[in-house]
Structures are given as C-alpha cells and as structure tokens.
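Participant: What shape does this take:
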Amino acid sequence: MKKQTAKKKDSDEKKGLEVISVKIGKGITATYKGLGGTFACFTDSCLRKQTLPGFHEKGLIAGVETKDTGIALCLSGKHSAIKLREVMDIALLNTGAYPEKRGKAKYSIEVKSEK
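Facilitator: Have a look, this model is predicted:
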C-alpha cells in the first residue's frame with residue numbers, strides 16, 4: 001500500500017501538480033490539488049495583495065504569516081469553522097486548486113478567524 005502512495009506522489013510531482021493541506025482549527029482538514037505554482041499564487045494574493053482569490057472586500061485578511069512549508073492565515077471577524085472552510089474552498093477554487101480526497105501535502109495553510 002505504501003508503494004502505491006509513493007508512486008502516486010512521484011506521479012503528481014512529475015505531472016507538475018502540487019497538493020495543499022488546509023487546516024482549520026483542530027477538527028477540519030481539507031486537501032486540494034492544483035498545478036505547480038498554485039500555492040505560490042495563493043500566497044502572493046494573501047501577502048502582497050492582502051486579498052483572497054474570489055473575494056475583493058477590503059480588510060478580510062487580518063494577518064498572514066509565513067511558515068516553513070506554508071502560511072498561517074487569520075481572517076477578520078468571528079467565523080465558524082464551517083464558514084472558514086467555505087471561504088477557503090472558494091478562494092482555492094479561484095486559484096485553480098480542486099478538492100482531493102488524499103495525497104501527501106507539500107504545502108499547508110492554517111486558517112483561523114479573529115476572536
């Protein structure tokens with residue numbers, strides 16, 4: 001079973017795909033897959049433009065911090081984990097990342113809302 005996972009990972013990388021993990025609080029984790037550069041595009045929107053792809057309202061992002069293999073994203077206002085998941089789903093779809101049921105993520109996005 002592990003050999004198939006390793007083959008799939010190699011296959012994704014050879015195909016120019018990358019896997020992104022989204023962690024919301026302690027309970028929700030989602031995995032997305034997109035073409036190479038998808039995570040870089042998403043991160044650029046958050047860091048430089050201070051917007052989420054698909055959302056153009058000012059002040060939605062309260063803070064962004066880079067981590068070793070990803071970013072920590074704080075959205076303004078109080079939002080439930082389900083609402084944060086919906087927002088991230090829209091933002092990542094607008095970046096070209098699509099839900100994936102499995103895969104070892106190369107990049108991660110930790111999401112929370114202001115308290």
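Participant: Now the residue lying closest to S113 once chain neighbours are set aside: which helix or strand?
Facilitator: Excluding its sequence neighbours, the residue lying closest to S113 (Cβ to Cβ, 6 or more residues apart in numbering) is H79, at 4.1 Å. Every C-beta, even on glycine, is put in place using the N, C-alpha and C of the backbone. Counting by DSSP states H and E, no helix or strand carries H79.
Participant: per-residue pLDDT, H79?
Facilitator: According to the prediction, H79 has pLDDT 93.
Participant: That one reaches M88, doesn't it?
Facilitator: No - judged on Cβ atoms under 8 Å, H79 makes no contact with M88 at a distance of 10.7 Å.
Participant: that older thread, count of residues packed around the residue nearest to S113?
Facilitator: Burial of H79 is recorded as 17 neighbouring residues (other Cβ atoms under 10 Å).
Participant: Kindly report the same for T38.
Facilitator: T38, neighbours per other Cβ under 10 Å, totals 21.
Participant: And the one 3 residues further on, by the same measure?
Facilitator: Here the count is done by other Cβ under 10 Å, and C41 has 16 residues near it.
Participant: Can you list the low-confidence ranges for this protein?
Facilitator: Residues of the chain meeting the criterion pLDDT under 70: 1-10.
Participant: ok, which stretches of it are strands?
Facilitator: 17-24, 28-35, 61-66, 70-75, 97-99, 107-113 (DSSP state E).
Participant: nearest to G54, of those?
Facilitator: For the strands of the chain, the distance to G54 is smallest for strand 97-99, at 11.7 Å, taking Cβ to Cβ.
Participant: which helix of the protein spans the most residues?
Facilitator: For the chain, the helix with the greatest residue count under DSSP state H is helix 81-95.
Participant: what's the angle from it to strand 107-113?
Facilitator: 140 degrees (axes from the mean of the first three to the mean of the last three Cα atoms, to 10 degrees).
Participant: quick one: buried residues of helix 81-95?
Facilitator: Judged by neighbour count using 16 or more other Cβ atoms under 10 Å, the buried positions of helix 81-95 are L84, R85, V87, M88, D89, A91, L92, T95.
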